[in-house]
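Colleague: for reference, the sequence and a predicted model appear below.
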Amino acid sequence: MKDKRKNAIENIVKSSSSPWMDGSGSLADVVVSSRVRLARNLRDIPFPHLLEDRSAKEVLDRVSGTVESVNKKGTWGELTTIDLSQVSALDRQVLVEKHLMSPQHAEAGPGKGLATREDERVSVMVNEEDHLRIQCLFSGLELDEAWITASGTDDLLDEGLDFAYDDTVGFLTACPTNAGTGLRASVMVHLPALAIGDEVSRVLAAVNKLGLVIRGLYGEGSEGKGNVFQISNQITLGQTEKEIIENLSLVAKQVVAEEKRFRENLLKARKSQIEDRIFRAWGILSNARSMSSTEAVRLWSDVRLGVELGMMPSIDVRGINEILVLSQPCFVQRTVGKELAPEERDIKRAELIRSHLRG
Amino acid sequence: MCEECGNRQAIVHVKTVQDGRQVVMNLCQECAQKKGFLNIFLQPSFSINNLLSALLGSQVAKMPAVESSGAETRCAVCGMSYRDFARAGRLGCSDCYETFEDRLNPLLRRIHGSEKHVGKASAHSGGAALVRRELATLKSDLATAIAKEAYEKAAEIRDRIRELEKAPRGEKS
């Protein structure tokens, strides 16, 4: 049993590919992925930040038991629960780099666990800020799909776990900013043309005014890396899940339309310049002998724009997206199997990217 | 002229205070960007968590001093006081919502613009929430049935909706 669990995590961390980056789903030429997260808690048990080791472990055992009974039903695929204290610090970071859990969840702590479905579209963080954080991640703009999957997972787990819920306030969460639906929906958008046109701040300000928040690729503090931005809802109470999802979809579609308008203009006014930039990026990615992750993500953005504009016949969205994970510091070290000094890492990273692009 | 590169025209003027003295830097756009001075737009200007700490700070400031002398209300399940919550930004357990209802409700209203959940209900909640959940499902089924022109089924669903809407709702208000 333990081996089976270890293998499941092993398979996830050793692959640079994930279903959320396969380029499927709608508007995938601008929207990288869609995510829905539900915060849930068990009744009558203190929230994780107050839990002692033993009680935290009990929470994890209860979740793990319920996941097993969901697995037995056979209607929801196979979820594997793992105690994160059994996973190396490096592998925990890789799980973050693959967007399966939050950076905070990678820090050591009592009873922290992660359940993942084999397709990586469903994952459940146990004992993060709340007892459970159900996450569903899909490629492209597929918030409806992500919500349906998250809600289905929620129903199945609720049967066995009895979530803390109040008729007035709704689902009760550690931080009142998540109370009610416990729902945080987000879309990751790639906005290179708006960035070239220096228009990102204008769009972001407009989105902010609508009560939505923008973060970078890996959460707060990583704003704008690779011209990737995450747009998500702030309000979780007083709106139905459907309203929240629809609002966000609507705003995302407008941002996509704006980005596409700028791409068209760019192609009209500065085609050869843009083409040159994209193919230079391609040249560096496929030939460099040493590369920092910042440079890799910057070049990734240029090449991805080329793929999105149909300029790169030799690579597809999935292929280019893998570079995002391949470039991350922990993934590089995981592949070598040991910790590396930054310079060694840069050399190894360049090598990984080169061999990935050679196919 | 830009003080950093000495090449381009300085169009960004950054005022900072260093050791109590005001220092002005004159930079070109490129150098200002490099130094991160033009990235203010990329910071989330509206963050619920910032709002929360501001609101909690003002709430606690208004709390009477006697409460700090040990007579403070504490949650029976986790032992947390409202002051602890204000410090941590997180409640102790789901029962805290009931214990501190009087102070949390206005806070929820200020954060979310509402204190009433209208979304999905837990299957265990019973009463009103279950009815609400069933109604939501029935209404979406009704729309689907009408779209598919399955009028007989639609009529059945409509009757069930009427029945539920007439029934007295909820044991818990």
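Modeller: That came in fine, so what should we check first? Residues are numbered from 1 along each chain as shown, chains lettered A, B, ... in the order given.

Colleague: name the nearest residue to residue 84, ignoring sequence neighbours.
Modeller: Just going to use chain A. Spatially, and ignoring its direct neighbours in sequence, residue A:84 is nearest to residue A:112 (4.4 Å; Cβ to Cβ, 6 or more residues apart in numbering or on different chains). (C-beta placed from N, C-alpha, C; glycine too.)

Colleague: um, chain B though
Modeller: residue B:92 (7.2 Å).

Colleague: re the thing from before, so what's the residue nearest to residue A:84 up against?
Modeller: By Cβ atoms under 8 Å, 6 or more residues apart in numbering or on different chains, the contact list for residue A:112 reads A:56, A:60, A:83-85, A:105, A:125-128.

Colleague: likewise for residue B:13?
Modeller: B:24-27.

Colleague: kindly recompute the last result at 7 Å.
Modeller: Neighbouring residues of residue B:13 by Cβ atoms under 7 Å, 6 or more residues apart in numbering or on different chains: B:24, B:26.

Colleague: ok, back up a step: surely the residue nearest to residue B:84 touches residue A:49?
Modeller: No - contact criterion Cβ atoms under 7 Å: residue B:92 and residue A:49 do not qualify, at 8.3 Å.

Colleague: which of these two has more residues huddled nearby?
Modeller: Set residue B:92 next to residue A:49 and count neighbours by other Cβ atoms under 10 Å in any protein chain shown: residue B:92 wins out with 23 against 17.

Colleague: and the more buried one, how far from residue A:74?
Modeller: 38 Å (Cβ to Cβ, to the nearest Å).

Colleague: same thing with residue B:74?
Modeller: Separation of residue B:74 from residue A:74 (Cβ to Cβ): 46 Å.

Colleague: what's the burial count for the residue in the stretch 1-150 of chain A positioned nearest to chain B?
Modeller: The nearest approach of the stretch 1-150 of chain A to chain B comes at residue A:46, 4.3 Å away (Cβ to the nearest Cβ). By the criterion of other Cβ under 10 Å, residue A:46 has 26 neighbours.

Colleague: same deal with residue A:73?
Modeller: 9.

Colleague: mind checking the SS state of the nearest residue to it once chain neighbours are set aside?
Modeller: Nearest non-adjacent residue to residue A:73, counting by Cβ to Cβ, 6+ apart: residue A:156, 7.5 Å away. Secondary structure for residue A:156, judged by DSSP: H, G, I helix; E, B strand; the rest coil, is helix.

Colleague: ditto for residue A:137
Modeller: Strictly by three-state DSSP, residue A:137 counts as strand.

Colleague: thought it was touching residue A:36?
Modeller: No - checked against Cβ under 7 Å, the pair residue A:137 and residue A:36 is beyond contact range at 8.3 Å.

Colleague: now do the shared contacts for those two.
Modeller: Joint contacts of residue A:137 and residue A:36 (Cβ under 7 Å, 6+ apart) are residue A:146.

Colleague: residues touching the residue nearest to residue B:84, list them.
Modeller: Contact analysis of residue B:92 by Cβ under 7 Å, 6+ apart lists A:46-47, A:50, B:75, B:78-80.
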